[in-house]
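> just need the structure, nothing else, for what follows:
(one chain, ligands or ions: 1)
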Amino acid sequence: MHLDEIDTPALLLDLDAVEDNIATMQRLLSGSQARLRPHFKTPKCPQVARMQLEAGAIGITVAKLGEAEVLAEAGLGPILVANQVVGALKLARLTALLRRGVDITVAVESEFNVRELARASRAAGVRAAAVIEVDAGMRRCGTAEPAETVRLARLLLEEGIDYRGIMGYEGHMYGQLEPGPREALIRDALATVRSHVEALAEAGLPPAIVSTSGTASVPIAAAMPFVTELQAGTYVFNDLHNEAFIPGHFQFALTLLTTITSVKERYAVADCGMKSLTNEFGPPVSPDGRLRAARLSEEHAIIVGDGVASLAPGDRVELVPSHGDTTLNLHDVYYVRRGGEIVDTWPVLAARRFR
Ligand SMILES: Cc1ncc(COP(=O)(O)O)c(C=O)c1O
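Down below sits the predicted model:
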């Protein structure tokens with residue numbers, strides 16, 4: 001099928017670009033002891049996770065149990081839930097996965113988490129596995145002090161939980177636009193993670209897993225000898241936001257195909273709005289940079305830029321999302337392309353699996 005035969009708005013996934021991004025990331029990690037456990041929050045699609053595993057990833061990271069269930073169903077893993085699993089309803093789903101033999105590790109950050117996880121796994125007759133999340137400076141979740149991390153590691157062992165190590169995500173790097181200060185911030189965050197690693201080692205509890213990093217911090221984290229794995233996600237599709245933080249490495253694999261429905265003197269209107277495209281990280285733009293979705297309402301995009309002069313109603317244009325993850329989460333299917341040909345359709349199976 002040709003691109004012209006699919007109705008719009010439609011989410012296009014450029015398979016050549018995905019393959020290239022996966023190969024680029026593997027190249028970035030050559031010579032590093034750190035391995036990749038890519039975050040599933042970006043592709044939300046088993047076909048892409050399988051490509052990442054085949055290229056050398058050691059497992060998959062997820063944010064939510066719903067994503068883990070999609071991977072488990074596809075037989076993909078081992079899975080790291082880089083998040084706390086809280087409450088009886090969620091723990092029942094986690095222990096159900098463990099009972100099925102799924103290799104799944106969750107993050108804990110408090111005595112509450114450890115005790116709840118221990119109670120649920122004892123009741124279900126399974127052995128849970130956990131890493132301790134440390135706060136690398138993002139001020140989201142995680143232990144603040146190395147001594148607290150050591151206490152939790154001991155508690156995991158006392159409670160019969162498989163203690164696998166620690167994780168720390170330096171996501172606050174995306175708040176720092178200047179490259180110099182951002183690099184300093186990333187190095188500080190990783191030094192914080194290292195202080196937890198050292199405290200654990202001194203206590204006789206060296207972590208087997210030390211998992212850190214999003215796409216933009218990979219080049220720095222991969223050179224840190226104490227980091228064992230990386231959780232980068234966005235690299236696989238890239239978007240305008242990611243490109244601003246790590247320019248020139250990854251291709252834009254994801255675009256939204258839209259139809260121009262109206263052309264005015266200074267702007268055009270496209271048939272996509274905030275129900276099919278997001279703009280919280282800025283306006284989506286065309287791949288050649290000549291068109292910009294300056295404003296979105298629910299089902300309309302106001303398109304501006306010097307490319308507008310040559311547009312006519314019925315034209316089809318592609319827009320690169322500023323934030324791919326939230327855009328793709330609105331869709332049910334990727335139209336997988338090679339050049340102008342649609343070669344497959346892949347369901348975005350974990351879209352909206354936010355539970
Ligand atoms: C805990 C955690 N790890 C890793 C990532 C991946 O980061 P990136 O999208 O920059 O690759 C995220 C992103 O939200 C995250 O929340």
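> give me the nearest residue to Ala294, chain neighbours excluded.
Counting by C-beta to C-beta, 6 or more residues apart in numbering, Ala294 lies nearest to Val304, which is 4.6 Å off, once chain neighbours are set aside. C-beta: built from backbone N, CA, C; applies to glycine.
> top strand in this structure by residue count?
In the chain, assigned by DSSP state E, the strand with the most residues is strand 254-263.
> just give me the neighbour total for the residue of the chain found nearest the ligand.
Closest contact between the chain and the ligand, by C-beta to the nearest ligand atom, is at Gly214 (2.5 Å). Using other C-beta atoms under 10 Å, the number of residues around Gly214 comes to 23.
> the nearest residue to Ala129 once chain neighbours are set aside: neighbour count?
Once flanking residues are discounted, Ala129 sits nearest to Asp162: 3.8 Å by C-beta to C-beta, 6+ apart. Asp162 has 14 neighbours, counted by other C-beta under 10 Å.
> hmm, the residue of the chain closest to the ligand is touching Gln231, no?
Yes. Between Gly214 and Gln231 there is a contact under C-beta atoms under 8 Å: 6.8 Å.
> break this structure down into its structural domains.
Listed by automatic domain parsing, the domain ranges of the chain are 3-11+249-347, 15-236.
> most neighbours per residue, which of these?
By mean neighbour count, with neighbours taken as mean count of other C-beta atoms under 10 Å, domain 15-236 ranks first of the domains of the chain at a mean of 20.
> got the phi and psi for the closest residue to Tyr235 other than its chain neighbours?
Take Tyr235 and drop its neighbours on the chain: the residue closest to it by C-beta to C-beta, 6+ apart is Thr215, 4.3 Å away. Main-chain torsions, Thr215, degrees, to the nearest 10: phi -50, psi -50.
> what sits against the residue nearest to Ala294?
266-267, 291-292, 294 (C-beta atoms under 8 Å, 6 or more residues apart in numbering).
> go on, Asp239?
Asp239 is in contact with 252, 254, 281, 320-325, 327, counting by C-beta under 8 Å, 6+ apart.
> so which bits of the protein are right by the ligand?
39, 82, 169, 171, 214-216, 231-235 (C-beta under 6 Å from any ligand atom).
> ok, these vs Glu19, which is closest?
Tyr235 (12.6 Å; C-beta to C-beta).
> OK, contacts around the closest one?
So Tyr235 contacts 21, 24-25, 38, 42, 215, 218, 242, 246, 249-250 (C-beta under 8 Å, 6+ apart).
> that one - that's part of a helix, no?
Yes. Per DSSP: H, G, I helix; E, B strand; the rest coil, Tyr235 lies within a helix segment.
> tell me the pLDDT of it.
What the model reports as pLDDT for Tyr235 is 98.
> and what of Ala350?
Predicted confidence (pLDDT) for Ala350: 98.
> isn't it up against Leu65?
No. Using C-beta under 8 Å, Ala350 makes no contact with Leu65, being 10.7 Å away.
> can you tell me which residues contact Glu299?
Contacts of Glu299 (C-beta under 8 Å, 6+ apart): 271-273, 275.
> closest to Arg139 out of those?
Nearest to Arg139 among the contacts of Glu299, with distances taken as C-beta to C-beta, is Lys275, at 32.4 Å.
> leaving out sequence neighbours, find the closest residue to the closest one.
Closest residue to Lys275 apart from its sequence neighbours, by C-beta to C-beta, 6+ apart: Glu298 at 5.5 Å.
> same question, Phe252
Val320 (4.7 Å).
> isn't that neighbour up against Leu257?
No. Here Val320 lies out of contact with Leu257, judged by C-beta under 8 Å, at a distance of 11.4 Å.
> returning to that earlier point: is it true that the residue nearest to Lys275 lies in a helix?
No. Read with three-state DSSP, Glu298 is coil and lies in no helix.
> right, and it touches Ser276 too?
No. The pair Glu298 / Ser276 is not scored as a contact, 9.5 Å apart, by C-beta under 8 Å.
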